[in-house]
Structures are given as C-alpha cells and as structure tokens.
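J.: Just a sequence and a predicted model for now, questions to come.
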Amino acid sequence: MLDLIILGLHFLICFLISIAIWCQPKDVDLHSSSTEGAGIEPDGLIFIGKEEDIKKSQRITAKINGREIVVFYHEGKFHALDSRCYHEGGPLCRGEIEDIDGQACIVCPWHKFKITLETGEGLYEGINPLEPSPTPKWQSKGVKQRIHKVTIDNGNVYVSPPDLSVSFDSDYFADKYKNGGELAMGK
C-alpha cells in the first residue's frame with residue numbers, strides 16, 4: 001500500500017513540474033523570418049544574427065517560416081537544429097552541451113535524451129549481452145533531429161531553409177510548436 005502512495009506522489013510531482021514548465025514565460029524571438037521574405041537573402045539563406053552576438057550568447061533561437069530552431073556556438077563551430085527534441089518536444093535551447101564519446105551533444109532538459117550537434121543523431125548507452133563482460137558503450141539510434149546548414153558571411157550568420165522532402169522525428173514537434181512557439185492545443 002505504501003508503494004502505491006509513493007507512486008501516486010511521484011506522478012503528482014511530475015504532473016506539477018510539467019504544469020510549471022508549460023506556464024513559465026516563453027523566450028522572446030528577436031530574430032524571426034517568415035515566408036513573406038523578411039530576412040531571406042537572394043541565395044535563399046535566412047539571416048539569423050550577427051556572428052559576434054551569437055558567439056557571446058553561445059545560443060540563440062530563431063524562426064524559419066514559423067519553424068523554431070536553435071543555433072549553438074560551441075568550441076569554435078556554429079550548429080543549428082530544430083529547437084524541440086524529437087522525443088517529446090523538450091526545449092533544446094535550455095539544454096546543456098556535453099561531450100559524449102568525442103561528440104558534442106545537446107542534452108534535452110526534459111528527459112536527458114542526447115543529440116549530436118553535428119549530425120542530429122540520437123545517442124544511447126547500451127550493452128551487448130553476448131559479450132563475456134558487457135560494458136556500456138555509446139550507440140546511435142540514427143538521425144532523429146533535423147539539423148540546418150549554417151553559413152557565415154561578413155560577420156553575419158545565416159541558415160539554409162530545411163529540405164522538407166526528407167523527414168526526421170523532430171519534424172512532428174517542429175510542426176506542433178509552429179507560430180508562437182507554443183504547442184497547439186485547440187486554440
């Protein structure tokens with residue numbers, strides 16, 4: 001009986017944390033692009049911000065045609081990916097960057113899913129039970145998160161529009177969080 005009470009309290013706490021996350025103030029988007037052509041260069045690149053500003057802040061969120069992305073500056077490189085985690089839509093812009101097996105990864109703040117900044121692969125630590133002494137090793141789930149090509153030109157940071165002919169798991173939450181960055185809930 002005590003186990004049921006503890007389990008019930010656990011679920012209640014998780015529910016309250018979820019409510020607190022959804023009700024907190026949203027990030028303000030200072031750099032938005034839309035299909036009307038604002039911020040779109042003649043070669044199709046979309047202006048995100050000044051290189052020095054992003055280097056100082058280490059990350060920035062932006063919108064490309066209503067799609068929320070996050071651009072990270074980490075160890076001398078710029079990386080851009082969908083801002084919502086492929087797993088459950090967690091805000092990757094609030095995640096920590098960790099080195100995992102020699103790869104820079106963003107760790108989703110909601111469920112600790114690890115995604116490589118370079119390729120968008122989801123990583124997990126698993127064992128091969130057929131080995132005599134199985135030890136955990138980092139393995140790939142495949143590419144789960146859409147990444148976006150970043151171009152630097154004359155101190156400006158640009159992102160190429162996504163190629164939507166190829167789908168990724170993160171597309172589901174990118175669509176759900178379009179236009180305002182909030183999950184569409186029948187409003």
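T.: That came through, no problem.
J.: What residues does the closest residue to residue 58 other than its chain neighbours make contact with?
T.: Once flanking residues are discounted, residue 58 sits nearest to residue 73: 5.4 Å by Cβ to Cβ, 6 or more residues apart in numbering. All C-beta spots, glycine's among them, are computed from the backbone N, C-alpha and C. The contact partners of residue 73, by Cβ atoms under 8 Å, 6 or more residues apart in numbering, come to 54, 55, 57, 58, 59, 79.
J.: surely the fifth one meets residue 79?
T.: No. The pair residue 59 and residue 79 fails to qualify as a contact (Cβ atoms under 8 Å) at a distance of 9.5 Å.
J.: okay, and the common contacts of the two?
T.: 71, 72, 73.
J.: can you tell me which of the residues you listed are in helices?
T.: Using DSSP state H, no member of the shared contacts of residue 59 and residue 79 falls within helices.
J.: Relative to residue 120, which of those residues is nearest.
T.: residue 72 (12.4 Å; Cβ to Cβ).
J.: circling back to that earlier point, between residue 59 and residue 79, which has more neighbouring residues?
T.: Comparing residue 59 with residue 79 by other Cβ atoms under 10 Å, the one with more neighbours is residue 79, at 22 against 18.
J.: Angles on the backbone of residue 93, please.
T.: As for residue 93, its main-chain torsions (degrees, to the nearest 10) stand at phi -60, psi -20.
J.: My guess is it contacts residue 62. True?
T.: No. With contacts counted by Cβ under 8 Å, residue 93 stays clear of residue 62, the gap being 10.2 Å.
J.: Same drill for those two, tell me which one is more crowded.
T.: A direct count of neighbours by other Cβ under 10 Å for residue 93 and residue 62 places residue 62 higher, at 25 against 18.
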